[in-house]
Structure formats: structure tokens, C-alpha cells
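Student: Need a 3D model of the sequence below.
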Amino acid sequence: MELTIAQVLQQGIAAHNAGNLQEAERAYQAILQSQPKHPEANHKLGLIAISVNQIEAALPLFKVALDVNPNIEQFWMSYTDALVKNNQLKDAKQAIKKAKKKGFDAKKLQVLLYQSNGRVDTKVLSQVQVNTLLEHCQNGRFGDAEKLALSVSKEFPQHQFAWKVLGVIFGQSGRNSEALNANQMAVALSPEDPEAHSNLGIALQKMGRLDEAEASASKALALKPDYAEAHYNLGITLQELGRLDEAQLSYTQALALKPDFTEAHSNLGNTLKELGKSDEAEASYIQAIALKPDYAEAYSNLGNLHKELGRLDDAKVSYTQAIALKPNFAEAHSNLAATLQEWGRSDEAEASYNKAIALKPGFAGAHFNLGVTLEALGRFNEAEVSYTQAIALKPNFADAHNNLLRCLYLLDKQALFFDKLDFLINKETANATTGSLTSRSALKYGVDKSNLFCRKPLQYVSHIDMNSQYDFEEVFAKKVRIFLNENRISNRKQSLLVNGYQTSGNLFNIKNSFTDEIQKAIRLEIEKYRVNFKDSKDGLIKKWPIDYSLYGWLISMKSGGELKPHIHSNGWLSGSLYINVPPDLKADSGRLVVSLGEEKDATDTRINVENIINVVTGSLVLFPASLTHYTIPFDAEEDRIVLAFDVKRND
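Tutor: Numbering: from 1, shown residues only. So this is what the prediction gives:
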């Protein structure tokens, strides 16, 4: 069967990469017999000519490639390099100007001119310098390595090695812009070096230029398909792009090539966790720790998984171990604090957050979470300061803006509150917090503002009888009771809950047939809800999350139990599935109440409108997360059990 031009080209590139230049040249020439102006074949033939010092032969080949496709940066690099080597400096400078007009980085091309105008240094970078530089890096003497690499790069600007070292050193010290420049120089000086492309990909990824980072990692792999580190770096970029299945494949490929690659095991665990594959994620973290017992980051990642699964004791052990191995690990201190906060140990949580901030003052997440803890302690003025600091560090920190708005409302700082609310409205912010506080401030201050989330949220309350669709006792109730009796997950401190407890973490992160069946049923009802209100003009429906996850937890209350007024600020749509509602003779006892705000909000003639819902075993209630809700205390011998959940947007 006759090969296509694309297939012949791939054969030629494979032979070229393997060092078989004769076979590669035959393939490229075969293409030119059919398509004399094929840009890639001309360019590759030019590279072969350069490699055997036939510069005159290379120049017209590079020129044809450029004329046909001037949008390939490497074509400009190769052509300019050949012009410089042939001492055609005027033409080289013209080529650089043309490339710049095309939008390419002229700095990469200008480095080639260091080899011209008599500045070609006949001295050779000594092996002693190379060995000394390597020794500095291998022994962690990065300051000495940087000084020597800078000196070498000035003395030998056309020598790639020093630029590669500088790229790594700058990257490790967080000087991302300098790292990017150094790595770009390294690639410009040696475009066929897979390690240089991989390092450039890392620098681009740290700068948030993810599409370019993916291209660089892919280029490294095209040059060296068995390059484990490049597969790993590509995995990191794909993970940040949200392409989790592809990231998993990249990490798996890295581990197939290098089974003891501890960082790949740990990052594979992170990807598996995001994919909801908790058991596999845990196995990956444990494997990373087995290979490297002092791997603090893997312990911290394992702690994050345990916390999400509601296993708070295990999470605390993992975070504590991470801190023992790496005392200046700010993220581990912050994660430990979050676990302590789940337990209601707010004073200890505050201390851990402060430790994280002392270690890393620019840690916006720690400032934000400290604000949450200070709110829980009733110290709203201090919480306001923490949220403000988080926003100063991360101006688009949506949760910090929302929480600051709530703090200002609770502090009764009316002018500042409305300034912030107007700011969020102008930014077209639609979420549960802004929706709730727009309604509550209308009750309290008599000022009506545009409610971008839901103008009349009580009209969006849906009460569904799941008994009519399922054998509720068999499918749901019995299995929930078994789950609770097994004590598989920890309980968290819930200050709003009287005479009861709430499970920690996300119930739906625990993958089994029981949780899968519940989630399937809930998602079906959520889709019916969305379709029912599809013609709505409110943000709740118009801005419905394209991609969402369910976050669920169980609440069990004994006689006299109640849940105080609150909203689910991190949710979009909230819901309650009533697993067991014991009978009570008192009127309205145990019922769910949804309202525009709290009773204390209605300080003028405005009335806090509410809806009292008579829930029974098998009831499913769906409502906008912006609605204030609470339960009326009940008296009964049986426990009242509810599965509460939120739709949380992922997009």
C-alpha cells in the first residue's frame, strides 16, 4: 500500500531523531519529488545540511520553508542561524525584523547575532566550569551556581548549558519571568534539545500560559517519546487545564517509564482524587510515601483526601506528619487548621492559620480561611481585615469578596456594605451570598437592589415525594442507617445544630453502589427542576452551572433537635432528602422553614416572608441556596435523619 506524504514525513522524522540521517534524507527528498515546496521537508533537509556544515545548501531550503509558511517560529530560527553562520549579518538582521513583525520574540533570534561581528569567542567553555556548575547544583549551592551560570552566560552567550541552569535556578526560587527568559534562550540555542523544551514548558505553566506549556511539553515528547519527566510535566499542565482523563494518562505513562517517580505518584493521586477515584488516589499517595518516606507533600495530599472523605483523624495525622518533615510547609499548616476548624477547635485553627501566614505572608487562601475562623469566633472586625487582606493579595478572590460583604452586613456598616454590594452587582456577580444579602438588606434597610441571583426565591421551592418513585425504605433509609452505624466518617462541629451531629466531608466522595444510587436519583430530580424553570430570567436558571458536582452530608438529630437559620453560601441549588422524620403530635414540629432572611432582618414595615414545609420520610425539597432556612424543634423518640446537599458549580 502506497504511503501518504504525512506517513513518509513521520518516518523521516523518526529516522532523524534516531540519528539515521541518510534514511531521513531519503524520506524528505521523496516528499520533495512530489511536493517541491513542502515546508517541513525543506526545513528538515536544511537541518541535516547544517549538521554536516553545508550552510550554503541549507539556506535555500530554509528560505523555501519560510516563504511557504512564515508562521512557524522554528523556521525563522533556523534561517537566521544559517545566515549568521554564513556571515550574512545584514540579511540576518532583516530576517529578525520580519520575524518580529510576525509577532515572534526577537530576543530569541538576536542571541544568534552574538556569534557574529567578530564576537565569536574562540575560547571554549571549559569542562572545569561545567563540572563546577553541576557540583554547585547537585549540592544545593544554588547561590554559587547562579553566580557562575550568570558569568558563563555573559562570557559565552551562545552556549546553551548556562541558560538551562539559570532557567532551573530561577524557577526554583520563584522568579518565573526570569526563568521563562532563560529557558527561551536555551531552546533558541538548541531547538532539538527535549529537556530545554520541557523546562520551557514548566516555566510557561508557572506563568499560567497553559496552552503554550502544553505545546512545549508535547515538543519535548516529539523529540524524545520516552522522556518520563516531560510526560509528568504535560500531566501537570493538563490537570490545570481541567483535562483530568488526559492528565491521568500522562502521569501513568511517566510511571510506566519510571516506576519510582514519586512526584508522579503523588500528582496522579491528586488527579484521581479530582476524578472521584478515592481508593486509587489513596493508593497513589501511599505508594509515593513508600518510595520516599520523607515526602512531606505526599503526606499533605493524603491529608487532603482524608479530609474530603470526612476522615478527620486520619487527615490530622497526615498533616502533622507533613509538618514534622517540613516545619515551614505553610500549606500543611493551613490544611491542619481547616481540619481543626471542622472539629470546632477554632482557637487552635486560628493559631495554625497564623503560623501559615507567618511562613508565607502572601498566602491569600490562609488569610481567607483565617477570616472564616474569626467569623466563627464572632470576631467580625478581625474577619473583615482578613478578607480584605486576601482580596489585596488576590483581587479576583470571589469567596473573599462574598464573605467580606457578609461581614459588613453583620457589622451593620451600611455604607460600606452597599458600596461592596454595588461593586459586585456591577461585576454581574450572581451567587447565593449576594442573592441572600440583597434580600436581607432590603428587609433591614428598605433599599431594593438588583438581585442577579434570584429575585423571588420562594417561587423556586420544590417539594417532591420520593416515596411515589422508589421503595424508599429499602433503597435509601435502610442503607443510610447502616452507613451511620458503621461510623465510617468523622463528625464535624456544627454550631447551628442543636442536639444532633453532622458528618464531615463530602458523602459523595465515598464511591459505592449506595452513594452512586442516591446521587443518580438526586441528579435526575435536579434536571427535572431545571427543565421546569427553564423559561426563568433569573440568574439561578440563566446562569445554571454547565458542570456541577454534588456535595452531601448527613444530619442526625435527637428529640429537641433543631437547625438554626442559615444559607449554603457555597451552593447554587440546595436540597434536603428526608431519610427519617419521626411523627410528632405538636403542630408544625420538625418542619422545614425557608424565608427571605432572618426575623431580625425585618426592622421596618417590611415582612420576612417565609414558607413552612411539612416534610415527611421520603420528602425531597429543592430550593435556591440563597434562601435562609431552618427547622422547627421536634420531640420524638426516634432520630430525625436528613441527607442535605448542594449543587456546587465546577465551571
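Student: Let me see the domain layout of this protein.
Tutor: Listed by automatic domain parsing, the domain ranges of the chain are 5-115, 458-649.
Student: Which among those domains is found nearest to Pro225?
Tutor: domain 5-115 (8.7 Å; C-beta to C-beta). For glycine as for every other residue, the C-beta is placed from the backbone atoms N, C-alpha and C.
Student: that older thread, tell me which of the domains of the chain lies nearest to Asn270.
Tutor: Proximity to Asn270, assessed across the domains of the chain by C-beta to C-beta, is greatest for domain 458-649 (13.8 Å).
Student: and that closest one, average pLDDT?
Tutor: Average pLDDT, domain 458-649: 91.
Student: And that domain, end to end?
Tutor: 21 Å (C-alpha to C-alpha, to the nearest Å).
Student: Show me how far it is from its chain's centre.
Tutor: Remark: domain 458-649 is offset 29 Å from the chain centroid, using C-alpha atoms, centre = their mean, to the nearest Å.
Student: Equivalent analysis for stretch 52-62, please.
Tutor: Per C-alpha atoms, centre = their mean, the centroid offset for stretch 52-62 relative to its chain is 46 Å.
Student: So which bits of it are buried?
Tutor: By neighbour count on 16 or more other C-beta atoms under 10 Å, the buried set for stretch 52-62 is 55, 58-59, 61-62.
Student: count of neighbours near Ala358?
Tutor: Neighbour count for Ala358, taken as other C-beta atoms under 10 Å: 13.
Student: Ala283: which of the domains of the chain is closest?
Tutor: Nearest of these (C-beta to C-beta): domain 458-649, 13.5 Å.
Student: returning to what we had before: now pLDDT too, for the buried residues of stretch 52-62, in CSV please.
Tutor: Below are the buried residues of stretch 52-62 laid out as CSV (pLDDT from 0 to 100):
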residue, pLDDT
Ile55, 85
Ala58, 89
Leu59, 91
Leu61, 92
Phe62, 90
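Student: Turn the residues you listed into CSV, columns for secondary structure.
Tutor: Shown next, in CSV, are the buried residues of stretch 52-62 (DSSP: H, G, I helix; E, B strand; the rest coil):
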residue, secondary structure
Ile55, helix
Ala58, helix
Leu59, helix
Leu61, helix
Phe62, helix
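Student: which residues in the stretch 451-600 of the chain form helices?
Tutor: Counting by DSSP state H, counting those that start in this stretch, the stretch 451-600 of the chain has helices at residues 472, 478-486, 513-532, 539-542.
Student: Turn those into a markdown table, including distance to Pro194 and mean neighbour count.
Tutor: Shown next, in a markdown table, are those (distance: least, C-beta to C-beta, whole Å; neighbours: other C-beta atoms under 10 Å):
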| stretch | distance to Pro194 | mean neighbour count |
| --- | --- | --- |
| helix 472 | 59 | 19 |
| helix 478-486 | 50 | 14 |
| helix 513-532 | 43 | 15 |
| helix 539-542 | 48 | 20 |
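Student: TSV please, covering the ones you listed and showing distance to Gln33.
Tutor: Formatted as TSV, those follow (distance: least, C-beta to C-beta, whole Å):
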stretch	distance to Gln33
helix 472	75
helix 478-486	71
helix 513-532	59
helix 539-542	59
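Student: mind checking which of the ones you listed is nearest Pro293?
Tutor: helix 478-486 (31.2 Å).
Student: Would you mind pulling up the elements that that closest one packs against?
Tutor: strand 548-563, strand 573-580, strand 640-649 (3 or more C-beta pairs under 8 Å, 6 or more residues apart in numbering; DSSP states H and E).
Student: the inter-axis angle of the shortest one versus helix 513-532?
Tutor: Meaning strand 573-580. 130 degrees (axes from the mean of the first three to the mean of the last three C-alpha atoms, to 10 degrees).
Student: List every C-alpha atom in strand 573-580, with coordinates, as CSV.
Tutor: Presented in CSV, the C-alpha positions along strand 573-580 are these (Å, rounded to 0.1, in the frame of the first residue of the first chain):
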residue,chain,number,x,y,z
LEU,A,573,-29.2,24.9,44.5
SER,A,574,-29.7,23.3,47.9
GLY,A,575,-31.6,20.2,48.8
SER,A,576,-32.8,18.0,51.7
LEU,A,577,-33.7,14.4,51.4
TYR,A,578,-35.6,13.3,54.5
ILE,A,579,-34.5,9.8,55.4
ASN,A,580,-36.5,9.6,58.6
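Student: Could you point out which of the helices of the stretch 451-600 of the chain sits nearest Tyr387?
Tutor: That would be helix 539-542 among these, by C-beta to C-beta, at 23.1 Å.
Student: Need the contact partners of the closest one.
Tutor: 430, 435, 452-454, 457, 460, 530, 533-534, 536, 572-573, 624 (C-beta atoms under 8 Å, 6 or more residues apart in numbering).
Student: how about the residue most central in space within the chain, what does it touch?
Tutor: Nearest residue to the geometric centre of the chain (C-alpha atoms, centre = their mean): Glu240, 5.2 Å. With contact taken as C-beta under 8 Å, 6+ apart, Glu240 is in contact with 205, 210.
Student: Quick check: it vs Ala162, distance?
Tutor: For Glu240, the distance to Ala162 equals 30 Å [C-beta to C-beta, to the nearest Å].
Student: Same check on Asn506?
Tutor: For Asn506, the distance to Ala162 - C-beta to C-beta - is 49 Å.
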